[in-house]
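Q: The following comprises the amino acid sequence and a computationally predicted model.
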Amino acid sequence: MAKKTKLLLLLCILIIIVLLNKCSTTDGNYKTNKAKEHSSKSSIEMTYKSFKGYKYKILKLDMDDQLTLNIKVENEGGNLAILLIDEDDHTLYKIENIDNSLIQTIVIPHDGKYKIQVEGDHSGSFKISWDVD
């Protein structure tokens with residue numbers, strides 16, 4: 001009986017761990033060195049010695065919304081891309097390796113969840129803020 005109880009307890013613990021991992025929120029898969037990060041409802045920014053991987057913020061948008069991205073990047077080396085990706089993993093917008101400021105408006109093609117994603121192997125900083133009209 002003790003072996004069955006221990007096995008049942010272990011199985012319950014494993015199920016809880018799996019469920020917690022499935023329910024946890026993530027914002028990407030990246031590594032940084034000497035990073036400072038700030039995120040709000042309508043912006044994401046990070047300054048770092050190094051950033052490698054991808055980071056995203058999810059937005060719920062409606063068809064015909066106009067999403068205006070205000071992008072600022074300081075490039076001290078490497079590559080950095082900013083993307084807008086729909087929930088079917090289609091890239092609707094992509095800009096790479098800018099070293100200044102850019103404002104871009106994108107008309108949303110359908111209701112759904114969208115990712116503003118930053119990816120690369122980069123040194124410097126980025127700040128992305130957005131408005132939806």
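A: Ah, there it is.
Q: which regions of the chain lie under the pLDDT threshold?
A: Of all residues in the chain, those with pLDDT under 70 make up the ranges 1, 12, 18-25.
Q: for the most centrally placed residue in it, what are its contacts?
A: Central residue of the chain (C-alpha atoms, centre = their mean): Tyr56, 0.7 Å from the mean position. With contact taken as C-beta atoms under 8 Å, 6 or more residues apart in numbering, Tyr56 is in contact with Asp27, Gly28, Ile85, Lys115, Ile116, Gln117, Val118. C-beta: built from backbone N, CA, C; applies to glycine.
Q: which of the residues you listed count as buried?
A: Buried by 16 or more other C-beta atoms under 10 Å: Ile85, Lys115, Ile116, Gln117, Val118, out of the contacts of Tyr56.
Q: Adding distance to Glu45 and secondary structure, write the residues you listed out as CSV.
A: Below are these laid out as CSV (distance: C-beta to C-beta, whole Å; DSSP: H, G, I helix; E, B strand; the rest coil):
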residue, distance to Glu45, secondary structure
Ile85, 19, strand
Lys115, 16, strand
Ile116, 12, strand
Gln117, 14, strand
Val118, 10, strand
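Q: Reformat the residues you listed into TSV and put distance to Asp131 next to each item.
A: Listed next are the buried ones among the contacts of Tyr56 as TSV, based on distance: C-beta to C-beta, whole Å:
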residue	distance to Asp131
Ile85	19
Lys115	17
Ile116	12
Gln117	18
Val118	18
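Q: Which residue comes closest to Lys113 once chain neighbours are left out?
A: Spatial nearest neighbour of Lys113, chain neighbours left out: Glu87 (4.8 Å); criterion: C-beta to C-beta, 6 or more residues apart in numbering.
Q: can I assume Thr5 sits in a helix?
A: Yes - the assignment for Thr5 (DSSP: H, G, I helix; E, B strand; the rest coil) places it in a helix.
Q: measure it to Tyr93 for me?
A: Per C-beta to C-beta, to the nearest Å, Thr5 is found 56 Å from Tyr93.
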